[in-house]
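S.K.: mind folding the following:
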Amino acid sequence: MRSLDFTPYYRSSVGFDRLFDLLDSRTNEATSQSYPPYNIEKTAENAYRISIAVAGFTEDELEVEVHNQTLRVSGKKAASNDKAEYLHRGIATRNFERRFELADHVIVSGADIRNGLLNIELTREVPEALKPRRIEISGSAPKVQTINA
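M.R.: This next block holds a predicted model:
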């Protein structure tokens, strides 16, 4: 796979550094990370859910953290004294780390585990100052004052 070089864009643009870094990291990450599988769904107009398959992990072995608009989910499996002899081991329980870039004004509102899925609830809360507002247009003509000399 070819790697994209965003260097010419860095020289001719101001304020888009984060965008180019995001694009660059996504092109490198797309081919290297596939475990664990996940879904991203829109549950309402300003609400989203990330569901990550974490079968075999307990709550204590999972960590959800947000820092600088990046959601990081990691799982560290505790050392096991399992002496079982597996004929086939298809349930992966290896350590993992997944990162998701969050858009501006998106916050993590909660997380829970159900049926082997870690569900992370996200909410977009746009500040009142940034929401569109309607400006009333007055229909009356401006009053003209005459000055008597």
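
S.K.: could you pull out the helices for the protein?
M.R.: 7-12, 17-29 (DSSP state H).

S.K.: give me the below-cutoff pLDDT ranges for this protein.
M.R.: Scanning the chain for pLDDT under 70 picks out the ranges 1-4, 6-22, 24-33, 141-146, 149.

S.K.: now do the domain split for it, please.
M.R.: 1-32, 35-127 (automatic domain parsing).

S.K.: give me every residue that touches the residue most central in space within the chain.
M.R.: With distances taken as C-alpha atoms, centre = their mean, the residue of the chain nearest its centroid is L102 (3.3 Å). The contact partners of L102, taken as C-beta atoms under 8 Å, 6 or more residues apart in numbering, are 66, 69-71, 108, 122. Any C-beta I mention is one placed from the backbone N, CA and C, and that applies to glycine too.

S.K.: the closest residue to L130 other than its chain neighbours: neighbour count?
M.R.: In space, and not counting its chain neighbours, L130 is closest to H105: 7.7 Å by C-beta to C-beta, 6 or more residues apart in numbering. Using other C-beta atoms under 10 Å, H105 has 13 other residues around it.

S.K.: going forward, count from 140.
M.R.: Right, with 140 as the first residue, what we last looked at is H244.

S.K.: quick check: H244 vs V212, distance?
M.R.: Separation of H244 from V212 (C-beta to C-beta, to the nearest Å) stands at 20 Å.

S.K.: same check on A218?
M.R.: A218 sits 21 Å away from V212, going by C-beta to C-beta.

S.K.: cool, P271 as well?
M.R.: Where V212 is concerned, P271 sits at a distance of 33 Å (C-beta to C-beta).

S.K.: who's more crowded, these two?
M.R.: When P271 and V212 are compared for neighbours, V212 comes out ahead with 21 against 5, by other C-beta under 10 Å.

S.K.: OK, contacts around the more buried one?
M.R.: Here V212 is in contact with 189, 191, 201-204, 236-239, 257, 259 (criterion: C-beta under 8 Å, 6+ apart).

S.K.: appreciated, that's everything.
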